[in-house]
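Asks: Got a predicted model here, sequence first, then my questions.
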Amino acid sequence: MRRDRRRRVLVIHCHPATDAFISTALERVTAGLKESGADVRIHDLYREEFVPELSAAEHRAHLRPGVADDLDEHAEDLQWCDTLVLVYPTWWSGQPAMLKGWIDRVWASGVAWELPDGASRLRPRLRNVRRLVVVTSHGSSKLVNSLQGEGGKRTVFRSLRTMCHPLTRTHWLAFYGIDNASSDSRTRFLEALPDRIARIVH
């Protein structure tokens, strides 16, 4: 029997408005994934009314394996995928609070990492993830973001990536200066997304 070589892609979308630039970007990303023939699972955090707050009980038990019962599907999907795509706007140099809460609550012990008895360093568990892709927008220019240190980019590519396969490839698809961008430049970025995503997951 021939092995299924389709990419297993998990898409996490985070924006409160359905008519926003980033929500349109999600549609384009989805189109590119369909074109590539990937097996796709999508979580729209706002539409699902995801609760981002890490509870006191979760914090007390943060070294124990597992997530809260209502997060089982999120944890299973994260452990299932070989490609993780995050689609969100960059606010205050980082991820929106709801997406940061998803990271806090889902990238948990027994899911993304483990800390064996006597060990001083976390051991990665998401070796299944071989590609990390971010599709985001920035109000300011690339230069300003570089001067500010691009905190959101570091969170994904320096922190989250360490919990994935050591050969994980990263892709940063960012639209800079959106506050003053022309409609034509927005359209060009969005229209190019399906092909860019299809090439990444090919």
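Replies: Cool, got the structure. Please read all numbers here as calculations on a predicted model, not as lab measurements. Numbers count the residues shown, from 1 in each chain.
Asks: remind me, longest helix of the chain?
Replies: As assigned by DSSP state H, the longest helix anywhere in the chain is helix 183-201.
Asks: Show me what that helix is in contact with.
Replies: Helix 183-201 is contacted by residues 7, 9, 21, 24-25, 28-29, 31-33, 35-36, 38, 83, 85, 131, 133, 135, 171, 173, 175, 178 when judged by CB atoms under 8 Å, 6 or more residues apart in numbering. (C-beta placed from N, C-alpha, C; glycine too.)
Asks: Go through those and flag which are in strands.
Replies: Residues of these located in strands (DSSP state E): Val9, Thr83, Val85, Arg131, Val133, Val135, His171, Leu173, Phe175.
Asks: tell me which of those residues is nearest to His59?
Replies: Val85 (28.4 Å; CB to CB).
Asks: in terms of contact, does the closest one touch Leu10 like I think?
Replies: Yes: using CB atoms under 8 Å, Val85 makes contact with Leu10 at a distance of 7.1 Å.
Asks: Show me which of those two is the more surrounded one.
Replies: It is Val85, of Val85 and Leu10, that has more neighbours when counted by other CB atoms under 10 Å, with 28 against 21.
Asks: in the sheet, who's paired with that one?
Replies: Beta bridges link Val85 to Val11, Val133 when assigned by DSSP bridges.
Asks: tell me the contacts of it?
Replies: Shown in contact with Val85 (CB under 8 Å, 6+ apart): Val9, Leu10, Val11, Ile12, Val29, Leu33, Val133, Val134, Val135, Ile197.
Asks: just Leu26 next, same as before
Replies: Contacts of Leu26 by CB under 8 Å, 6+ apart are Val11, His13, His15, Ile42, Asp44, Val87, Val135.
Asks: how close does it get to Gln79?
Replies: In this view, Leu26 and Gln79 are 23 Å apart by CB to CB, to the nearest Å.
Asks: list the helices and strands the helix or strand of the chain with the lowest mean pLDDT packs on?
Replies: Every helix and strand in the chain was compared by mean pLDDT, DSSP states H and E; the lowest is helix 142-148, with a mean of 82. On a contact count with 3 or more CB pairs under 8 Å, 6 or more residues apart in numbering; DSSP states H and E, helix 142-148 meets no helix or strand.
Asks: In CSV, list the C-alpha atoms belonging to it.
Replies: Output of helix 142-148 as CSV, limited to C-alpha atoms (Å, rounded to 0.1, in the frame of the first residue of the first chain):
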residue,chain,number,x,y,z
LYS,A,142,10.4,46.4,8.2
LEU,A,143,13.1,48.9,9.3
VAL,A,144,11.2,49.9,12.4
ASN,A,145,10.4,46.3,13.3
SER,A,146,14.1,45.4,12.9
LEU,A,147,15.1,48.2,15.3
GLN,A,148,12.5,47.1,17.8
